[in-house]
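predicted model, plus sequence, below.
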Amino acid sequence: MFIQLIKRNSRRSRKENGLFFASLLISIIAFYIILALPHQDVMLFLAKMESDAVDRLLSLIPAFYGLTLIILFFLIYYAGRFQLERRRHEFGVCLMMGMRRTQLFAMLLAEDIQGSILALIIGLPSAVLLSELISLITAKFVGLGIIGHQFTFSLRAALWTIVGFILIKLAAFLILTGKIARQEIGSLLTETPDGTKKQYPAFVYACALLISVVCLADAYRMAIIGMSWYQLRQMALTLVLGFFGTILFFFGLRFPAGIAASHAKKDRRLRVFNFRQLQETVIHRSGSLAVSSMLILAALCCFGAGTAIAHYYGSSQEHVLDYTFSDTRALELEQDETDLTPDPLIDLVTDSLRAHHLEAEFSHLFEMKTGHIRTAGDSMDTSLQMDAVLSLISQSDQKEARDILLNNLSGYYPYLIALSSYNELLSAAGAPRLRLASNEAAVYMDHSGNPECIRLMNQVLKSHPEILLDNDSFRLTQDVQTTNLITDRSITLSFALIVPDKAFAYYTQGDYNVYVNGVLNTDTGSVSLMQSISDLNAQLDQTGLAYESYLQNMGRQLFYVVAASYITLYLAVIFLIIANTFIGVQFLISQQKAHSRYQTLIHLGATYELLCRSIQKQVHWYFGIPAATAALSSLFGVRALLGGLLPSRVQGHIPEMLLVSAVMILALCIIEYIYMAVVKRTSCRYLLTFMTPSRDE
């Protein structure tokens, strides 16, 4: 009988508070995914390329784990308190019927253990499957391939998930049941009303609302223009203004809520009641709503900024070249001065590949020649004169791009690129080749630079301005070229000139850098590109050639994708779970406190459908106010995060990142709507219990 009672109570608790149980499942999944991160394919791949960066990233996981435990403890505590408060009368009746307090404690402990075990039974397999799905999608996205994927189950992650979950559940349970056990039977059978809140004149709330707008506006201004990132004091000031601005905003909402209630149309049924309920809820819960709104804001900012950064670094990965071989014979020549005419680098690379039977692995091998102007000696004033170009740039009304270009090109000592080398690169990329006359040149700029600068330079090039290259006249033509010259993205040219081969040979005087670029044979069968490069790296290490592969470069870019996406998405999920569960639980508590009012409305003739519409409107307002406030603030918060975290060379891409962030924020707003639907369903089910006439004893 006792066991059946435990099973029935546990099943009823999950049914009545499905929102809390679903939040526990999501928490378990989030725990396992972040703890199992070191075992995912992408992290194992990154560990080979960027071991130091990966180690630093993984060293943060225990901190995130501990922080999440603390935050989820408070979530479980408040949600558990709501469940126990709803059963106060039941506990009092049980004690009156002769149940000992130790038996009551044992019953509650057994119910909690049963619910926790069920959550782990459902949550852990779901977490493992979701972790594998994420690993597969990420592997496919970055080109690692699915064939090389192996199913992994992290026993360590599962154990720490179980231990952490049980610890916070047990701690919250002991605190809550301790409070229940100390109460007398009479207090358990008596409903505890909310404490009265002191009312202030409407003028006080109006002033608080006005001050909050000023504080929030100043916080947004400091964050967006970058003042917050200058020093710790400015950042602290921004956070303080944002925090107190949000608190005052929700405190001041009592003013418009009161106006809306007093001016409600009398012919709208329960409209005044709805606004009075909302007004009273805001009075009693303004601080909690403000904290929940800030948690939603943190979730939206993390999700929006993290997704935008990951999308940018993932989509900006232009892939044309697979390998670049560099010349390391300079040191050897210093030691052996008898060999002053070494073979061309491409011959050395070709011979070495042929000797190791690797020539069939490449479909295309070509030289990339770059060098400085040597005919002018050390005189930078006569090496390159671009007065016409600078004049056209200075006439532009695009202030930021204009200032950047004028600063970069004034007194610039440029690189030259051989036309034949660049045309080979364009052929490998599947792009049309450049055609230049003997007195023509094309402009090259690194594609990762400011896009506004590239667009401005293209406008300048439409007029085909003339430049002086060591006092020789050249005409700039074509559009700006941005295809990466070699695989190593850490070596970039912010500005260079592509000139015909004869001009390149003359102005460099034979003193230039040579790289050999290679493109793999695309006929790799079922093996992924990443796997092909990884296997070939092992064979190239035996040749003694110095090379940089696309795999190594991609490891650097992919680290930003993983760091931005995994960590920020994890934090966003945790913050969103806590905020929405907190709001939902508080609304259900306030509804329970007002049960006598709903019973009075039923006695006055209110139908179930009318009460459900009333409660749904209250849920819309109760969830909508903090969610809408957070969504509006997130537009400024994401912009501030992108401006403060991204390097200057990426700042020009912020508008397109904001577009991605807006889409992600919209997706989270849909999740908010789902939470609202769950709370409305739970509330309507609770109202249904009042529809059966009962007699108060």
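Right, received. Where do you want to start? Because the structure is predicted, anything quoted here is derived from the model rather than measured.

surely Val585 and Ala79 touch.
Yes: counting by CB atoms under 8 Å, Ala79 is a contact partner of Val585 at 5.0 Å. C-beta coordinates here come from the backbone N, C-alpha and C atoms, glycine included.

which helix is the longest one in this protein?
As assigned by DSSP state H, the longest helix anywhere in the chain is helix 271-315.

any residues in contact with both of Val585 and Ala79?
Here Val585 and Ala79 share the contacting residues Phe20, scored by CB atoms under 8 Å, 6 or more residues apart in numbering.

after the longest helix of the chain comes which helix or strand?
strand 323-326 (DSSP states H and E).

contacts for that next one next, please.
Residues from elsewhere that reach strand 323-326, judged by CB under 8 Å, 6+ apart: 345, 349, 362, 368, 486-488, 515-520, 540, 545-550.

now intersect the residues you listed with the helices, please.
Those of the contacts of strand 323-326 lying in helices (DSSP H): 345, 349, 540, 550.

ok, so of the residues you listed, who is nearest Gln114?
Closest to Gln114 out of the ones in helices among the contacts of strand 323-326 is Tyr550 (53.1 Å), distances taken as CB to CB.

and that closest one, what does it touch?
Residues in contact with Tyr550, defined by CB under 8 Å, 6+ apart, are 319, 321-323, 487, 533.

got TSV for those, with neighbour count and distance to Thr508 too?
Shown next, in TSV, are these (neighbours: other CB atoms under 10 Å; distance: CB to CB, whole Å):
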residue	neighbour count	distance to Thr508
His319	13	29
Leu321	27	22
Asp322	24	27
Tyr323	26	24
Thr487	24	23
Ile533	21	32
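
for those, which one is nearest Met657?
His319 (21.0 Å).

so where does Thr370 fall, helix or strand?
strand 362-372.

in its sheet, which strands sit next to that strand, and in what direction?
In the sheet, strand 362-372 lines up against strand 415-418 (antiparallel), strand 513-520 (antiparallel) (DSSP bridges).

and the ones you listed, which is most packed in?
Greatest average neighbour count among the strands paired with strand 362-372 goes to strand 415-418 (a mean of 24), per mean count of other CB atoms under 10 Å.

what are the buried residues along the helix or strand following that strand?
The helix or strand immediately downstream of strand 415-418 is helix 419-429, counting by DSSP H and E. Of the residues in helix 419-429, 419-425, 428 count as buried by neighbour count, 16 or more other CB atoms under 10 Å.

what would the residues you listed look like in a markdown table with distance to Asp479 and pLDDT?
As requested, the buried residues of helix 419-429 are arranged in a markdown table below (distance: CB to CB, whole Å; pLDDT from 0 to 100):
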| residue | distance to Asp479 | pLDDT |
| --- | --- | --- |
| Leu419 | 15 | 93 |
| Ser420 | 19 | 92 |
| Ser421 | 18 | 92 |
| Tyr422 | 13 | 93 |
| Asn423 | 15 | 93 |
| Glu424 | 19 | 91 |
| Leu425 | 15 | 91 |
| Ala428 | 19 | 87 |
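
closest to Ser396 out of the residues you listed?
Tyr422 (27.0 Å).

could you measure from that closest one over to Lys179?
In this view, Tyr422 and Lys179 are 76 Å apart by CB to CB, to the nearest Å.

what about the strands in the protein?
Secondary structure of the chain (DSSP state E): strands at 323-326, 362-372, 384-385, 415-418, 440-444, 466-469, 472-476, 496-499, 513-520, 546-549.

which strands or helices does the shortest one pack on?
The reference is to strand 384-385. Under the contact criterion of 3 or more CB pairs under 8 Å, 6 or more residues apart in numbering; DSSP states H and E, strand 384-385 touches strand 466-469.

which strands or helices does the strand it packs on pack on?
strand 384-385, helix 387-394, strand 472-476.

most neighbours per residue, which of those?
Greatest average neighbour count among those goes to strand 384-385 (a mean of 19), per mean count of other CB under 10 Å.

ok, back up a step: closest to Ser293 out of the strands of the chain?
Shortest distance between Ser293 and these, using CB to CB, is found for strand 546-549: 47.8 Å.

neighbouring strands for the closest one, and are they parallel or not?
Strand pairing for strand 546-549, using DSSP bridges, gives strand 323-326 (antiparallel).

isn't Tyr415 right up against Val499?
No: using CB under 8 Å, Tyr415 is not in contact with Val499, being 10.6 Å away.

and for the two, which residues touch both?
By CB under 8 Å, 6+ apart, no residue touches both Tyr415 and Val499.

circling back: can you put the strands paired with strand 362-372 in CSV and add distance to Gln40 and mean pLDDT?
Below are the strands paired with strand 362-372 laid out as CSV (distance: least, CB to CB, whole Å; pLDDT from 0 to 100):
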stretch, distance to Gln40, mean pLDDT
strand 415-418, 40, 91
strand 513-520, 26, 89
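
what's the closest of those to Arg11?
Distance to Arg11, taken as CB to CB, is lowest for strand 513-520 among those, at 59.3 Å.

tell me the angle that closest one makes with helix 419-429.
Counting by axes from the mean of the first three to the mean of the last three CA atoms, to 10 degrees, strand 513-520 lies at 20 degrees to helix 419-429.
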